[in-house]
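1. Here's a sequence, model it:
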Amino acid sequence: MLAFLLAPLYFLINWYVLRLAMRWMGACHKYFQSKWFCRGFVGAYLFMALTPLTSFIVHKGVLHRLLKLLNNYWLGIFLYTLLVLFGAGLTRILLKRTKRISQDFLEYRKTFAAAGGICVFLITLLSIYGIFHARYIHTAKYAVEIQKECWGREDLRIIVAGDLHLGYSVGEEQMRRMVEAINACDGDLVCLTGDIFDNEYNAISHPERIASVLREIKSTYGVYACWGNHDLNEKLLAGFSFPSGEVRKEDPRMKEFLEAADITLLSDEVLLVDDAFCLAGRKDPSMVKKMRESRESPEELLGNLNKDIPVIVMDHQPSQLEELAEAGADLDLSGHTHDGQMFPGNLTVRLGWKNPCGLLQVGDMTSIVTSGVGVWGPAMRVGTESEIVEILVHFTENP
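-> Numbers count the residues shown, from 1 in each chain. You can find the predicted model right below:
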């Protein structure tokens, strides 16, 4: 419903941007005013602007994949086009108000052409930077103390990777980078905190090869995962899903992929690892709602555990932090937020989450949220990092 409400606004904004671009190019050179160039440019612009819709309508084959890839790049470019144009418009208003520059100079054709050139340069720079920056995987490091004994261990090195979003924008190459980064940490336990897929299993190129890459992850106790809200096949229009009367079902290929990759799924389940600590994985609230299932509350999931040993929880969305702390969790590992992924999202994400990214102490529990390895929607990161998280947990006896 929201997608349909926003559609008229989207088309109006694109019409404004297109007319402004035509004016700017016409101010740069007569050639850009020619009938044939204008028709070609309008056609190319409309083709890109309509990729959110055309990639939704064409849902199979090579053309669908091409449209999806172009759409993911277009969304980021469009965002920064709007931000740069807003900044340029605001600058022009301020210059007119201050009257430090003559009105004639501001209206001069060459001034308009030069200002437009600066805008195009900034949009291009931000977009190219965002595309390539998203591919670099940073390692964030945290130290956590849990005042419990962990049988046979004083420390536990946990590696967290979330929001892989395997699909059109993320594939084998990024997974190789992730596995190399994980193995460089020499971890004891690897936790994948949901959104392993990107709403469409068929979007993955060569899943068997990616599963083979993930099998190369090395750790003492293995690799574990929980589901996220995107680990469900859904048709999306510009990132929005559509409510229907149908009950969503898990795609069995997703579980088979995890099994082939030697990844253990914990779905409202708790595992006692090496008689030393408990590892729990929660169902995702958005996913169970669409599947018309239920998920256990923190107390239902953790209430009967031995609280004398460490309790570690994987929960895709960093919600119910207080409830998890009260139920006895010592460490909660999450993802979902992407830390906003792209400016200005990295600023606004803090309005919606108590812990949007990083480390937060909640009572006796530590919450750690990763910004994730992959991307959702625009295939870019600006102002945030693609990352894995290395956590050194030190165990001490209660004083």
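2. Only C-alpha atoms from now on, for both contacts and neighbour counts.
-> OK.
3. Surely V170 and G374 touch.
-> Yes: V170 is in contact with G374 according to C-alpha atoms under 8 Å; the separation is 6.3 Å.
4. And the helices in this protein?
-> 2-28, 35-49, 51-57, 61-98, 103-107, 109-133, 172-184, 207-214, 252-260, 285-290, 298-302, 321-327, 345-348 (DSSP state H).
5. Okay, now the unreliable bits of the stretch 251-399 of the chain?
-> Low-confidence segments of the stretch 251-399 of the chain, defined by pLDDT under 70: 398-399.
6. circling back to that earlier point, using CSV, lay out the helices of the chain together with distance to N233 and mean neighbour count.
-> Output for the helices of the chain, formatted as CSV (distance: least, C-alpha to C-alpha, whole Å; neighbours: other C-alpha atoms under 10 Å):
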stretch, distance to N233, mean neighbour count
helix 2-28, 19, 14
helix 35-49, 25, 13
helix 51-57, 14, 19
helix 61-98, 15, 16
helix 103-107, 52, 11
helix 109-133, 25, 16
helix 172-184, 20, 18
helix 207-214, 15, 18
helix 252-260, 10, 15
helix 285-290, 10, 17
helix 298-302, 26, 18
helix 321-327, 28, 19
helix 345-348, 25, 16
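7. least reliable of these going by mean pLDDT?
-> Least confidently modelled of the helices of the chain is helix 103-107, at a mean of 75 by mean pLDDT.
8. Can you give me the end-to-end span of stretch 91-104?
-> 16 Å (C-alpha to C-alpha, to the nearest Å).
9. chain center to that stretch: distance?
-> Computed by C-alpha atoms, centre = their mean, to the nearest Å, the chain-centroid distance of stretch 91-104 equals 40 Å.
10. swap in stretch 248-257?
-> 21 Å.
11. okay if I get the helices of the chain as a markdown table plus distance to V393?
-> Output for the helices of the chain, formatted as a markdown table (distance: least, C-alpha to C-alpha, whole Å):
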| stretch | distance to V393 |
| --- | --- |
| helix 2-28 | 43 |
| helix 35-49 | 48 |
| helix 51-57 | 44 |
| helix 61-98 | 37 |
| helix 103-107 | 60 |
| helix 109-133 | 29 |
| helix 172-184 | 16 |
| helix 207-214 | 24 |
| helix 252-260 | 26 |
| helix 285-290 | 28 |
| helix 298-302 | 20 |
| helix 321-327 | 17 |
| helix 345-348 | 28 |
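12. shared neighbours of V170 and G374, which are they?
-> Residues touching both V170 and G374 by C-alpha atoms under 8 Å, 6 or more residues apart in numbering: L164.
13. The two: who's more crowded?
-> In terms of neighbours (other C-alpha atoms under 10 Å), G374 is the more surrounded of V170 and G374; the figures are 33 against 23.
14. any chance you could read off phi and psi for the residue nearest to the more buried one when sequence neighbours are not counted?
-> Residue nearest to G374 in three dimensions, not counting chain neighbours: L164, with 4.5 Å by C-alpha to C-alpha, 6 or more residues apart in numbering. L164 adopts backbone torsions of phi -70, psi -40, taken as degrees, to the nearest 10.
15. Could I get the pLDDT score of L164?
-> 98.
16. picking up where we left off before, so which of the helices of the chain is nearest K235?
-> Checking the helices of the chain against K235 by C-alpha to C-alpha gives helix 51-57 as the closest, at 7.1 Å.
17. What are the contacting residues of the closest one?
-> H64, R65, L67, K68, L70, N71, W74, K235, L236, L237, A238.
18. do the same with stretch 386-397
-> So stretch 386-397 is contacted by 134-150, 153-162, 178, 181-182, 185, 187, 370-374 (C-alpha under 8 Å, 6+ apart).
19. can you rerun that using 6 Å?
-> Contact with stretch 386-397 is made by 134, 137-149, 154-161, 372-373, as judged by C-alpha atoms under 6 Å, 6 or more residues apart in numbering.
20. go on, stretch 196-203?
-> Applying C-alpha under 6 Å, 6+ apart, the external contacts of stretch 196-203 come out as D163, L164, H165, L166, G167, Y168, H230, D231, L232, N233, E234.
21. And stretch 334-347, by the same measure?
-> 162, 193, 315-318, 349, 356-357, 369-372, 381-384.
22. about what we covered before: most widely separated two among the contacts of helix 51-57?
-> W74 and K235 (18.4 Å).
23. show me what contacts V160?
-> V190, C191, L192, I388, V389.
24. possible to save those residues as a markdown table with neighbour count and distance to F277?
-> Formatted as a markdown table, these follow (neighbours: other C-alpha atoms under 10 Å; distance: C-alpha to C-alpha, whole Å):
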| residue | neighbour count | distance to F277 |
| --- | --- | --- |
| V190 | 25 | 14 |
| C191 | 25 | 14 |
| L192 | 30 | 18 |
| I388 | 25 | 22 |
| V389 | 28 | 20 |
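25. what's near enough to touch the residue nearest to G374?
-> Counting by C-alpha under 6 Å, 6+ apart, L164 has contacts I196, V373, G374.
26. taking the residues you listed one by one, which sit in strands?
-> Among those, none falls in strands (DSSP state E).
27. of all those, which comes closest to E246?
-> I196 (23.2 Å).
28. quick one: which of the contacts of L164 is nearest to T81?
-> G374 (22.9 Å).
29. Distance of the closest one relative to S102?
-> Taking C-alpha to C-alpha, one finds G374 at 48 Å from S102.
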